[in-house]
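**Q** Provide a 3D model corresponding to the input given below.
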Amino acid sequence: MSPDLLPLVMAAPLLAWMAVSDFVWMRIPNMLVLAMLGLFAVAAPLCLGFDAIVGRLAVGAIVLAAGFVAFLFGVLAGGDVKALAALQLFIPLGREPIALYGLTFSAAMLAGLILMLVLRRVAGGPQAAFLSLSVAQGYPMGISIALAGIAYPFVAGL
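**A** Residues are numbered from 1 along each chain as shown. Next up is the predicted model:
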């Protein structure tokens, strides 16, 4: 396994928690994002060089800034923005890895949307067991964010 993917593989349980939390409660807890940041702070110096760490922090800051603008316009929820920015810390730098992550994220968005459409048709409605299945709710983006993060190491070939 490539050492630059090791922190992302280690984040898989946190990403799974993100997907479940957003599906059940339509929330990505701040503690989860802080746990991802903590994991990166511990794992990055062990697995990555200084330039890679600085580069990933810069990309995360750019994603956070762009996400904040999207939040201001109501395009993304705050938890989604924080989760996306935190996840970017775990994605290797370079043209090919970023493009591959973009493809993986796009596929995860499509899979998540199809999953939610089917689940809302089958088990959704005002009395649904989970908040995300309520007709009035938006899309729980944490599902796609998490799926992209979990799938990326496999798509990248570990």
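
**Q** So which elements touch the worst-scoring helix or strand of the chain on mean pLDDT?
**A** Least confident helix or strand, the chain: helix 95-123 with a mean of 91, by mean pLDDT, DSSP states H and E. Judged by 3 or more C-beta pairs under 8 Å, 6 or more residues apart in numbering; DSSP states H and E, the packing partners of helix 95-123 are helix 141-155. Heads up, the C-betas are built off the backbone N, CA and C, glycines and all.

**Q** just the angle between the helix it packs on and helix 95-123, please?
**A** 130 degrees (axes from the mean of the first three to the mean of the last three C-alpha atoms, to 10 degrees).

**Q** quick one: buried residues of helix 141-155?
**A** Using 16 or more other C-beta atoms under 10 Å as the test for burial, helix 141-155 gives 141-153.

**Q** What of stretch 73-86?
**A** For stretch 73-86, burial by neighbour count (16+ other C-beta under 10 Å) applies to 76-77, 79-86.

**Q** Kindly reformat these as a markdown table containing secondary structure, distance to Leu64 and pLDDT.
**A** Output for those, formatted as a markdown table (DSSP: H, G, I helix; E, B strand; the rest coil; distance: C-beta to C-beta, whole Å; pLDDT from 0 to 100):
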| residue | secondary structure | distance to Leu64 | pLDDT |
| --- | --- | --- | --- |
| Leu76 | coil | 11 | 92 |
| Ala77 | coil | 14 | 93 |
| Gly79 | helix | 13 | 94 |
| Asp80 | helix | 11 | 95 |
| Val81 | helix | 7 | 97 |
| Lys82 | helix | 7 | 97 |
| Ala83 | helix | 11 | 97 |
| Leu84 | helix | 8 | 96 |
| Ala85 | helix | 4 | 97 |
| Ala86 | helix | 9 | 97 |
